Structures are given as structure tokens and as C-alpha cells.
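Asks: Sequence plus the predicted model coming up.
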Amino acid sequence: MRIDAAYSASALPYTNYTRLSPWQSIAILSVSRLEVANNQWIASKREVVSHAESGNLWCSADAQYLLDNIIGSIYFLILTIIDWLLGQSAKRKKPSMNIKGKVAVITGAAGGIGRAVANEMANRQVGSLALVDKTEAVHELAKEINQLAGRTVATGYPGDVTEDSFRSFVYRDVHEKHGVVNICVPAAGITRDSLSVKVDKQTDSVVIYPGKTFRLVTEVNLIAPIYWALELVAGIADDRRKNGLKRWHHTEGVQGTIIFIGSVSSQGNKGQLSYSATKAGLEGAASTMNAEAIFHGVRCGIIHPGFTDTPMVRALGEEYIEQNIIPQTQLRRLIKPEEIADAICFMISNPAVSGSIWADAGWRPAA
Ligand SMILES: NC(=O)c1ccc[n+]([C@@H]2O[C@H](COP(=O)([O-])OP(=O)(O)OC[C@H]3O[C@@H](n4cnc5c(N)ncnc54)[C@H](O)[C@@H]3O)[C@@H](O)[C@H]2O)c1
């Protein structure tokens, strides 16, 4: 017996194409065959469940089958009501981008902020974590996180974030082992600070900031994070394409979130020409991606941390920190990496937050 959509558009408040939940799908399958969004027939219960779980099961409300089977219609109506009730209670419990169970990629994971984000996501029961950094320390971090979690959550991926082949390998490997990547925090970054133009006392000559250094900082701080983020969007777009989905609809829930790491220096900071320029560039990239990637259900934001207690800042030296940084903060201390990680996870899990957040401890640099 075939009841492609054994319900009536007049009896139920549905439009012509209606998303089915797993409940509805299983019910229908017991008496019918179904049509998925790309117009393929599916016939096994396993297929229905997997399509429904991936949010890609649709049922064609074709009028000619409407009255094919009255019993089927009643059966379907009852299950629809049960499903609606279950859906209402689920909606009350869950924000639409809960970190729990998601698949995340963090670059710069062996550094201060990346490490704190990894720990915070593990606390929030992320499903799987890819820890990317140029140092082998990511293996040790993965081990620590897995021991604390009592399960295998994290995997270390040592490598250079500027290498395209490395990036493709990581995404492919994570996808094969854990599914589509939903979260990306590309935190790997470097500083190469120096005045833009200075008089070198030793050589008694005027020196311009080296272009080669500028290009290196741009590769790591600007181009790499953007491409790690684009890889996430591409993965989700491809998955949706394969499932016959087109423009994202809010009823699907948020599919992915990217949080770039900017800096207070994005507004300019003496001695940080290349660093400031790359962090300001990320602001433009985040707003553009925010506008584009939502087509595939992906949000994109940027956080601008102030001076945070990580190896990057400690490298400035205690004296410099005490004299030039601490007095210009409201808190009179460096920000803790955990405070930045908390703000990043807040941005990910609250879909109403868009654009940028300044986590700068009231940083007011002297002119
Ligand atoms: N610490 C701060 O005060 C502060 C403030 C604002 C923004 N940020 C930004 O936060 C991010 C994290 O910084 P952090 O303070 O944790 O610094 P960090 O130096 O502790 O960590 C950076 C990590 O990036 C990794 N890395 C650098 N280049 C890489 C490459 N080519 N490939 C792979 N990994 C690479 C390093 O190995 C390191 O583990 C950076 O983007 C930084 O610009 C930091």
C-alpha cells in the first residue's frame, strides 16, 4: 500500500511540503514508501531514520494519495500530535547550537586561548574535538582531555595551519571519523611586532617594516583562519547539497558556528602594524561570512580579546606588562584564557549573538 503523504492539507496545518520527524517517518514507513527532498524513493526503516536525523526528510503532500488510506491518515495524525508534544518539550530544553555532541576544530590549540577553549568545550560535552597546532603538544593536551572526560573526545593534529593540504587532511579525517564539522575556532596566531618605520641606531639608517614579515603574519593570522572557516562552511554546504537541501530554514536549527579571534589591536596599536592589520581584516571577513554562510545555516562571529595571560603576551616580558599593559586595564590584571574561552562558548551556544564581542577588560590604551 502506498500513502506518500497520508494526511490532508486541510486536516493538518501543513504547507505542501512538510518536514517529517523520525517519529512520523517510522510511522509512515510502516505503511508506505517515502520521498526525500531530492525526489528519491527510500524504502528501508534505517534509511528513513538516517534521513530524518540529518534533517532531510520531506514528504510530498500529493493530493491524489490523500484519501488512499484512511487508517494510515489517522495513524499519522496521532503520531504527528505525539511528535508535536515531544518537539515542544525539546524546544524548551535546548538552545539551537548547543555545544554538546557537536564536532569542533580548534587551531592554535596548544596555545593559551586555544587550550582554554578546548577544555571549556570538553566541559560542555562536545562530541569530538580536533586540536590543531604546529607543536606536538596537542597530543598531550588530547590525552589530558580524554582522561578527564573518561572517553575519547579529542585528537591532536600537529601541523602548519597555512598548509592547504594539511587543512584538507584534518577536515577529511574528522569528517570520516566523527561526521560534519559544526564548530571552528581558528585561534592560531603570531606576533612580529616592530615600528612601521624606525631609525636604526646601530646602522644610523631608516628601516621600513619588512614586507616578508608582514606577509608571514598575514598568512597565519588572516588567510589561514579564513580558510579553516571556509572549510567548515564547505563541509556543511556539501552535506546539505547531498541531502537535496537548498537555502537554510530556521526550523532546521543552526548547522555551524565560526568564531574568529580578533584583538583589541584591530583598532590600532603602536608597534603592531602587521598584527593590527590582520586582526582588523578578520572583522571584515567575519561580517562577510556572516552574511553569506547563513545560506547554509552557518553563523560567524568575532571576539576581540584584550591582553590575555598566554605565552604570546608573557613573551613581552614582565616589566613591559606591568608598565604598559596592566595600568591601562580596568581590571588591573591580565585576562584569564578561561574568561575568553567562556565568552567564545557563549557566542557559539547563543544563536542570538551576532557580530563581534569585545572581551578587553576595559582596555584604554594611551595615545
Ligand atoms: N593573548 C592575548 O592577549 C591575545 C589578545 C587578543 C587576541 N589574541 C589572539 O588569540 C589567539 C591565540 O593567542 P594566544 O594568546 O593563545 O597565543 P599563544 O602563542 O599562546 O598560542 C598561539 C598558538 O598558535 C600556534 N601557531 C602559531 N602559528 C601556527 C601555525 N602556522 N600553524 C599551527 N599553529 C600555529 C602556536 O604554536 C601556539 O600554540 C591568536 O590568534 C592571538 O592573536 C591573543
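Replies: Done, it's in. Numbers count the residues shown, from 1 in each chain.
Asks: secondary structure class for residue 313?
Replies: helix (DSSP: H, G, I helix; E, B strand; the rest coil).
Asks: Need the pLDDT of it.
Replies: With respect to pLDDT, residue 313 scores 95.
Asks: Which residue ranges make up the domains of this protein?
Replies: The domain map for the chain lists 17-93, 103-359, with the assignment taken from automatic domain parsing.
Asks: Those domains: which one's closest to the ligand?
Replies: Nearest to the ligand among these is domain 103-359 (1.8 Å), distances taken as Cβ to the nearest ligand atom. The C-beta positions use only the backbone N, C-alpha and C, and glycine is treated the same way.
Asks: Can the closest one be said to contact the ligand?
Replies: Yes. Using Cβ under 6 Å from any ligand atom, domain 103-359 reaches the ligand at 108, 110-114, 133-135, 160-162, 187-190, 220, 261, 263, 305, 307-308, 310-313.
Asks: would you list every one of the strands in this protein?
Replies: Ranges of strands in the chain, per DSSP state E, are 17-19, 34-35, 41-42, 58-60, 103-107, 128-133, 154-158, 183-186, 197-200, 205-208, 256-261, 298-305, 355-359.
Asks: what's the weakest-modelled helix or strand in this structure?
Replies: Taking mean pLDDT, DSSP states H and E as the measure, the chain has strand 17-19 as its least confident helix or strand, at a mean of 40.
Asks: quick one: pLDDT of the residue lying closest to residue 216 once chain neighbours are set aside?
Replies: Residue nearest to residue 216 in three dimensions, not counting chain neighbours: residue 192, with 6.8 Å by Cβ to Cβ, 6 or more residues apart in numbering. Looking at residue 192, its pLDDT is 97.
Asks: so what's residue 192 up against?
Replies: 213, 216, 217, 274, 275 (Cβ atoms under 8 Å, 6 or more residues apart in numbering).
Asks: weakest of the domains of the chain in terms of mean pLDDT?
Replies: It's domain 17-93: among those, that one has the lowest mean pLDDT, namely a mean of 54.
Asks: what about residue 185, distance to residue 100?
Replies: Applying Cβ to Cβ, to the nearest Å, the value for residue 185 to residue 100 is 16 Å.
Asks: higher neighbour count, those two?
Replies: When neighbours are counted by other Cβ atoms under 10 Å, residue 185 and residue 100 differ, and residue 185 comes out ahead with 30 against 11.
Asks: What's the ChimeraX syntax to select whichever of the residues of domain 103-359 next to the ligand are buried?
Replies: A single ChimeraX command selects the buried members of these (16 or more other Cβ atoms under 10 Å):
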select :108,110,111,112,113,114,133,134,161,162,187,188,189,190,220,261,263,305,307,308,310,312,313
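Asks: Looking at the residues of domain 103-359 next to the ligand, which are in helices?
Replies: Secondary structure defined by DSSP state H assigns 112, 113, 114, 311, 312, 313 of the residues of domain 103-359 next to the ligand to helices.
Asks: pretty sure the first one is touching residue 315, no?
Replies: No. Judged on Cβ atoms under 8 Å, residue 112 makes no contact with residue 315 at a distance of 10.9 Å.
Asks: shared neighbours of those two, anything?
Replies: Between them, residue 112 and residue 315 share no contacting residue under Cβ under 8 Å, 6+ apart.
Asks: in stretch 222-239, what counts as buried?
Replies: Neighbour-count burial for stretch 222-239 [16+ other Cβ under 10 Å]: 222-233, 235-237, 239.
Asks: burial measure for residue 262, as a count.
Replies: As a burial measure, residue 262 scores 27 neighbours (other Cβ under 10 Å).
Asks: Tell me who's in contact with it.
Replies: Contacts of residue 262 by Cβ under 8 Å, 6+ apart are 279, 280, 282, 283, 286, 302, 303, 304, 305, 356.
Asks: and if you look at residue 100?
Replies: 124, 125, 126, 127 are the contacts of residue 100 under Cβ under 8 Å, 6+ apart.
Asks: follow-up on the earlier one: neighbour count added to the contacts of residue 192, as TSV?
Replies: TSV is the format used below for the contacts of residue 192 (neighbours: other Cβ atoms under 10 Å):
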residue	neighbour count
213	15
216	15
217	22
274	24
275	21
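Asks: on that earlier part again, how about the domains of the chain, which one is nearest residue 365?
Replies: Closest to residue 365 of these, according to Cβ to Cβ: domain 103-359, at 5.5 Å.
Asks: Any idea how far apart the tips of the closest one sit?
Replies: 25 Å (Cα to Cα, to the nearest Å).
Asks: Measure how far that domain is from the centre of its chain, please.
Replies: Relative to its chain's centre, domain 103-359 lies at 11 Å (Cα atoms, centre = their mean, to the nearest Å).
Asks: re earlier: which of the buried residues of stretch 222-239 fall in helices?
Replies: Among the buried residues of stretch 222-239, the members falling in helices (DSSP H) are 224-233, 235-237, 239.
Asks: I am finished for the moment; much appreciated.
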